[in-house]
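>>> how does the following fold in three dimensions:
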Amino acid sequence: MSRGMTGAGSCPFRLFQFRIDPLRTCCRPKLSPEFKNGFWVESGQTDFDNTQGYGDWMPHIHPDGALYYFDSKRRIYTDADLSVEDELEIINYYAERLLRQAREKAGFPCNTCELVLERIDIHRVGYYFVEPGKRCILWLTAVPSWTITRNLERVQSYAQLKYAMEAEYWTHCMFFPNNWTLTVIALAELEKMILHAIADSITSTTSVIPFDQEELAKMLDLTDRLKGGIDEPFLHSKCIVARFMGDFALAKFFNFCGQPGARLNSDQAIFNKQKPRHSVFIQIVSLCLFCAPCNYAEELDGIWVDKMINRVLWRQFIAKLNDDWCSLALTATVVLNANVAFLTLVVDDAVPRTFSYISAMTSVGVVILGLILVRQNQRKDQNSAEHANVLLTRMSHPVFGTESLAIIYSLPYALLMWSMVFFVIAFACMVFRSATPVTQSAFSAIGGLVCVFVFWTVWTTRAASERKDPPGLNS
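Model prediction:
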């Protein structure tokens, strides 16, 4: 990090190395200048294109709408507002400085590299170089690996950084699409990756592909449509290909593609081979909540492997949760109505009325929790992998992991079960306190038979789900 020139207002600038952030849009958001008054449109004006250049800097419009500038002689990009004189002076100064340092640095591929400059804030300017032939980005000085690895653990060699660098390169191509050529080879490579991903997602239930089959089919259709327009001057096709290529490269990086112990299945842990064990706490709570927390904890462990979210599995999990909670809330309203009707039959009997009150309150709890959780999951960003990873990280405990989240997710189901249990107890109290012996005997016989069927079903299904798959049946 070094001190630079003194810009407007005698403010010292610092030069920063930065990588591309794929979560932002084409360029950093900027505020539009405020003008209280309009202007006059001249009579006969027909030219409304933005062709205002600044020296060798020529404006380009990204398909998303962002404005950036490209210097074709020096192969430099920037999204700074060069219409501001001080901004233009700062960018030109650092461009010359970085290019001079690149030429002086032995072994640096300055003849083939492109340079990107960005005004980060009032005191900082960021940069990186791009080497198109190697599909990577680079800097003039050494940088820590964590600036590239996106907090991925156990990245210890250059070979492991290959696909991370390729993802950064394709993100750069997506942000600045005007100066690279979309080739038939690149399009064919993307098509074959999509076809392989489709086959993998069809034949495997534990695919590591970050897209579902419907999304892959749409991606393949887009790729097919691009074949006839490779030579067209439009930038849109380049952005599409670069975005898809970057997503596949990033998935390869997170799954340690080409490395010993590469992740081949979505539920395969490569950092910790031991299967997560449930704590005594959640096991005790599960006994009170009809084993639902342990089931949800196992699902979350299969989705959040090595503290990395599987986007497809997470979306399927959230969709299933929403459906389950809506169904539970509907069933809870039926039980609530049954309790209201039942209370009219036991006006003078305190014991069944007490259990019926408890059943009604737990039914109300199911409806309230279901509405809250469904509403929370219907947020726009809820299905994104980034939001899911943030949620699981915040809810994760060093000892209990994601067990607290599993307990929260299980509450609507568990409360509905308790509501039905208390309703059955209230009904049984009414029968044994007021019905005839014949009615009591018939109720006891049928009730006992129903209990046997319920416990037999629960025991059989749990034993089947916990049984390991025989060899040769693993997907």
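
>>> contacting residues for the most centrally placed residue in the chain?
Taking C-alpha atoms, centre = their mean as the criterion, Ala385 is the residue nearest the geometric centre of the chain, at 1.0 Å. When contacts are counted by C-beta atoms under 8 Å, 6 or more residues apart in numbering, Ala385 touches Pro210, Ile309, Arg311, Trp314. No exception for glycine: its C-beta is placed from N, CA and C like everyone else's.

>>> pLDDT wise, what is the nearest residue to the third one once chain neighbours are set aside at?
The shortest distance from Arg311 to any residue other than its chain neighbours is 4.1 Å, reached at Ala385 (C-beta to C-beta, 6 or more residues apart in numbering). The score at Ala385 is 74. That number is its pLDDT.

>>> quick one on the thing from earlier: in strands, which of the contacts of Ala385 appear?
Judged by DSSP state E, strands contain the following of those: Ile309.

>>> just the contacts of Ala385: which are in helices?
Secondary structure from DSSP state H places Arg311, Trp314 of those in helices.

>>> quick one: the helices in the stretch 1-150 of the chain?
Secondary structure of the stretch 1-150 of the chain (DSSP state H, counting those that start in this stretch): helices at 85-104, 146-149.

>>> check which residues of the longest one are buried.
Pointing back at helix 85-104 there. The neighbour-count check on helix 85-104 (16 or more other C-beta atoms under 10 Å) flags Glu87, Leu88, Ile90, Ile91, Asn92, Tyr93, Tyr94, Ala95, Leu98, Leu99, Ala102 as buried.

>>> so what's the residue count around Thr354?
Using other C-beta atoms under 10 Å, Thr354 has 15 other residues around it.

>>> ok but it is inside a helix, no?
Yes - when classified by DSSP: H, G, I helix; E, B strand; the rest coil, Thr354 is found to be part of a helix.

>>> now it. Nearest residue, chain neighbours left out?
Ala426 (7.8 Å).

>>> can you lay out the buried residues of helix 85-104 as JSON lines showing pLDDT and distance to Val421?
Shown next, in JSON lines, are the buried residues of helix 85-104 (pLDDT from 0 to 100; distance: C-beta to C-beta, whole Å):
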{"residue": "Glu87", "pLDDT": "89", "distance to Val421": "70"}
{"residue": "Leu88", "pLDDT": "92", "distance to Val421": "74"}
{"residue": "Ile90", "pLDDT": "89", "distance to Val421": "71"}
{"residue": "Ile91", "pLDDT": "91", "distance to Val421": "71"}
{"residue": "Asn92", "pLDDT": "92", "distance to Val421": "76"}
{"residue": "Tyr93", "pLDDT": "90", "distance to Val421": "75"}
{"residue": "Tyr94", "pLDDT": "90", "distance to Val421": "71"}
{"residue": "Ala95", "pLDDT": "92", "distance to Val421": "73"}
{"residue": "Leu98", "pLDDT": "91", "distance to Val421": "71"}
{"residue": "Leu99", "pLDDT": "93", "distance to Val421": "75"}
{"residue": "Ala102", "pLDDT": "91", "distance to Val421": "73"}
